[in-house]
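A.B. asks: structure of the sequence below:
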Amino acid sequence: MKPLKGIRIVSLALNLPGPAALMRCRVLGATCIKVEPLLAGGGDPMRAYNPAAYAQMHAGVRTLALDLKSERGQARLGLELDKADVLLTSFRPSALKRLGLDWPRLHKRHPQLWQVAIVGGEGDAAEVAGHDLTYLAEQGLVTGLDLPATLFADMTGSLLAVEAILGAALQKKMAAKPQQIRVSLGAAAKYLAFPRSWGLTWSSGAVGGAHAGYQVYKCKDGRAAVAALEPHFAKNLCTLAGLVTQGFAGMMQPKTKLDLTAWFGKHTCAELDAMATQHDLPIYTLV
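C.D. replies: Residues are numbered from 1 along each chain as shown. Here you go, the predicted model:
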């Protein structure tokens, strides 16, 4: 499926969320052009701190190096925007205004153009400095002193940007008037935090540590991530471990967790892998 075939996207977005969104749009059939600062001024920072990530996100994307603070750079960008359907940005609103790319002026010069603007916070907070870590922290998704395992808000924000571009493409086909669509990384973090706000991932929640079938257990030579949450999985696990449970309520009992802790501790990763395959159990071992 190529739902964005025939859609031309010009992106000014640097670092991660914008390029990640552009990578998905390419898969969906869009023609993608990326405008970066002149290399003497640094280009996209991702080029320097992770060339492999930069290369993967920009495969099939045509890149241009322009000085958007110069008349020449602005003129060249204008030519690209004349042919484009969507402009993707990741600047603060004030920075776009300084470049003459605020929505009123942009829409006046390029009336056919939609804009998907990736920003940090929602509303006025779009001007407040922030990053993936701070947006996650605001939603209670950072615990202790450990950094999150990946850039959750950035990557979720990139998917919300793709969703917005798909929406713009659909509206364009319906001859709707072009608009600016804002995508907030803070809102992306809030969306990720819904399971926590519902109590699902609290320590008392079924997927927060209270359910004995949804745990990471130590085994003889590593760890086992166990996701035996559904009743039939939980039953298979308990039968294998020689335990008797009372359904969901039984799996929420501390004793069941203690019994499974002891059982997993007697087995190697290889043994657990074999049992998971034989008994249809969602177990992934980590050496």
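
A.B. asks: just give the nearest non-adjacent residue to residue 213, would you?
C.D. replies: Spatial nearest neighbour of residue 213, chain neighbours left out: residue 228 (3.6 Å); criterion: CB to CB, 6 or more residues apart in numbering. In short, each C-beta sits where N, CA and C put it, glycine included.

A.B. asks: go on, residue 240?
C.D. replies: residue 279 (5.6 Å).

A.B. asks: I figured the one you found hits residue 238, correct?
C.D. replies: No - using CB atoms under 8 Å, residue 279 makes no contact with residue 238, being 11.0 Å away.

A.B. asks: more neighbours, these two?
C.D. replies: residue 238 (21 against 13; other CB atoms under 10 Å).

A.B. asks: may I see the buried residues of the worst-scoring helix or strand of the chain on mean pLDDT?
C.D. replies: Lowest mean confidence among the helices and strands of the chain (mean pLDDT, DSSP states H and E): helix 45-49, at a mean of 90. Of the residues in helix 45-49, 46-47 count as buried by neighbour count, 16 or more other CB atoms under 10 Å.

A.B. asks: can you tell me what sits against it?
C.D. replies: Applying CB atoms under 8 Å, 6 or more residues apart in numbering, the set of residues contacting helix 45-49 from outside is 14-16, 19, 42, 53-54, 57.

A.B. asks: repeat that for 10 Å
C.D. replies: 14-16, 19, 36-37, 39, 42, 52-55, 57-58, 63 (CB atoms under 10 Å, 6 or more residues apart in numbering).

A.B. asks: and it, how far out from the chain's middle?
C.D. replies: Computed by CA atoms, centre = their mean, to the nearest Å, the separation of helix 45-49 from the middle of its chain amounts to 19 Å.

A.B. asks: helices along the stretch 151-287 of the chain, start to end?
C.D. replies: 152-173, 185-192, 194-197, 231-240, 247-251, 254-264, 269-278 (DSSP state H, counting those that start in this stretch).

A.B. asks: list the buried residues in the first one.
C.D. replies: Neighbour-count burial for helix 152-173 flags 152-162, 164-166, 168-169, 172 (criterion: 16+ other CB under 10 Å).

A.B. asks: the second one now?
C.D. replies: The neighbour-count check on helix 185-192 (16+ other CB under 10 Å) flags 185-190, 192 as buried.

A.B. asks: quick check: angle from that helix to helix 152-173?
C.D. replies: On the basis of axes from the mean of the first three to the mean of the last three CA atoms, to 10 degrees, helix 185-192 is oriented at 100 degrees to helix 152-173.

A.B. asks: circling back: of all the contacts of helix 45-49, which two lie farthest apart?
C.D. replies: 37 and 52 (20.9 Å; CB to CB).

A.B. asks: so the two - more neighbours on which side?
C.D. replies: Of the pair residue 37 and residue 52, residue 37 is the one with more neighbours under other CB under 10 Å, namely 18 against 8.

A.B. asks: SS state for the residue lying closest to that one once chain neighbours are set aside?
C.D. replies: In space, and not counting its chain neighbours, residue 37 is closest to residue 43: 5.9 Å by CB to CB, 6+ apart. Secondary structure for residue 43, judged by DSSP: H, G, I helix; E, B strand; the rest coil, is coil.
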